[in-house]
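[1] need a structure here:
(one chain, ligands or ions: 1)
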Amino acid sequence: MQLFVNDLTVIDFSYLCQQRGIVGESWIVDVLLDGSLNEMSMVLDFAVVKKQIKAIIDEAVDHKLLLPMQCEGLTLESSSHHEDHQTIDFLSDIASYHLQSPSCAFAQLECSAITIEDVTSHLTQIILAQLPENVQGLELTLRPEVIPSDYYHYTHGLKLHDGNCQRIAHGHRSKIKIFVDNKRNSELEKAWCLRWQDIYIASEADRVAQSDIQLSEKASGYLKPDHQFFAYQAPQGRFDIAVQKRVLDVVDCDSTVELLADFILRQILTAKPTLKGRLKVMAYEGVAKGAIVNG
Ligand SMILES: Nc1nc2c(c(=O)[nH]1)N=C([C@H](O)[C@H](O)COP(=O)(O)OP(=O)(O)OP(=O)(O)O)CN2
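    From the prediction side, this is the model:
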């Protein structure tokens, strides 16, 4: 007997990519279970699928930075600044990134590049080990949302969030809809998707001096003149990141989707003041959720 739950959850995360740097991503998860019926005549109670399997996925990869441990450009070490924190030095083809985070903000995968197949088999192993005996098979499908228009991939952290969004390098793959006089404007949408293609979005308020950043001991040997530094203390611990200007956008607000929508609107109006009163920005954060501003 098979049991399915489609759209069980959306995994919002970032990963290290040798070619693209740090990439924000959102994958929808569908689950198919294979098993015999239990004493309730069920393969598994939907409530258990929805709560327990989702919780396992959240704990394993959601809102984390996924690390391809066999990637040559990656070095992961224990932090010398804080217990249960780790540092990352990542030399990608387009920029170098240096981070310190509580260990729970990273997920290690034994592969050289993060792919849907690798994450699927990583999660399948973890979940199968925790299912009751009558469930013998598990087929997970991870899939990006089908988006017929432009979209961007961004990575950020929300220091004020009391949940996992405080992690300084988690991200999303998000579409954007921009309307002028109630009509979609693909030119503006394309421009923002180019600007925020594989971007790290930092808040000006989190900027720190180089002397105050806490990274690995070897990081200083890799830093370039265009590295910029951001750090904050949040409930899970201390977070630090050094990012090069070419893969960075610094906003004058927090990076909640409400404030990003407002940032986009303000930036468009600064460049094109004649659009005042005619604009609507609908910014998504991952799949099927976001914020709308008019102005
Ligand atoms: N009003 C807002 N709420 C939240 C924002 C935001 O910008 N505005 N942002 C976040 C985080 O950035 C987070 O990455 C997105 O959260 P979400 O995927 O909804 O998080 P959960 O894992 O809690 O939800 P699931 O349904 O379990 O995926 C949070 N909130």
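
[2] State the phi and psi torsions of E133.
    For E133, the backbone dihedrals (degrees, to the nearest 10) come out as phi -60, psi -30.

[3] Distance of P148 relative to T115?
    Separation of P148 from T115 (CB to CB, to the nearest Å): 24 Å. Placement of C-beta: from N, CA and C, glycine included.

[4] between the two, who's got more neighbours?
    T115 (14 against 6; other CB atoms under 10 Å).

[5] Quick one: residues contacting that one.
    T115 makes no contacts at all, as judged by CB atoms under 8 Å, 6 or more residues apart in numbering.

[6] tally of neighbours for V135?
    Neighbouring residues of V135 were enumerated by other CB under 10 Å; the total is 20.

[7] Is it in contact with D34, as I believe?
    Yes - in terms of CB atoms under 8 Å, V135 counts as a neighbour of D34; the distance is 7.2 Å.

[8] Could you tell me which residues touch both of the two?
    When contacts are counted by CB under 8 Å, 6+ apart, V135 and D34 are jointly contacted by V43.

[9] and the protein, which residues reach the ligand?
    Taking CB under 6 Å from any ligand atom as the measure of proximity, the chain contacts the ligand at 9-10, 12, 62-63, 158, 161, 163, 165, 170, 256-258, 285-286.

[10] Not counting residues beside it along the chain, what's closest to L33?
    If you skip the residues right next to it in sequence, L33 has L3 as its closest partner in space, 4.6 Å away by CB to CB, 6 or more residues apart in numbering.

[11] what's the answer for V251, then?
    Here the nearest residue to V251 in space, its sequence neighbours aside, is F263; by CB to CB, 6+ apart that works out to 5.1 Å.

[12] Which residues does the host helix or strand of the one you found contact?
    The secondary structure element spanning F263 is helix 257-271 (assigned by DSSP states H and E). With contact meaning CB under 8 Å, 6+ apart, helix 257-271 is reached by 176, 178, 188, 192, 201, 251-253, 275-276, 279, 281-285, 289-293, 295.

[13] Stretch 41-53 too?
    Among residues not part of stretch 41-53, those counted as contacts by CB under 8 Å, 6+ apart are 1-3, 5, 8, 31, 33-38, 127, 130-132, 134-135.

[14] Identify the spatial nearest neighbour of the residue of the stretch 1-150 of the chain found nearest the ligand, chain neighbours not counted.
    With distances taken as CB to the nearest ligand atom, the stretch 1-150 of the chain approaches the ligand most closely at D12, which sits 4.6 Å away. The shortest distance from D12 to any non-neighbouring residue, by CB to CB, 6+ apart, is to G286 (4.7 Å).

[15] helix/strand/coil for the one you found?
    Using DSSP: H, G, I helix; E, B strand; the rest coil as the criterion, the local structure at G286 reads coil.
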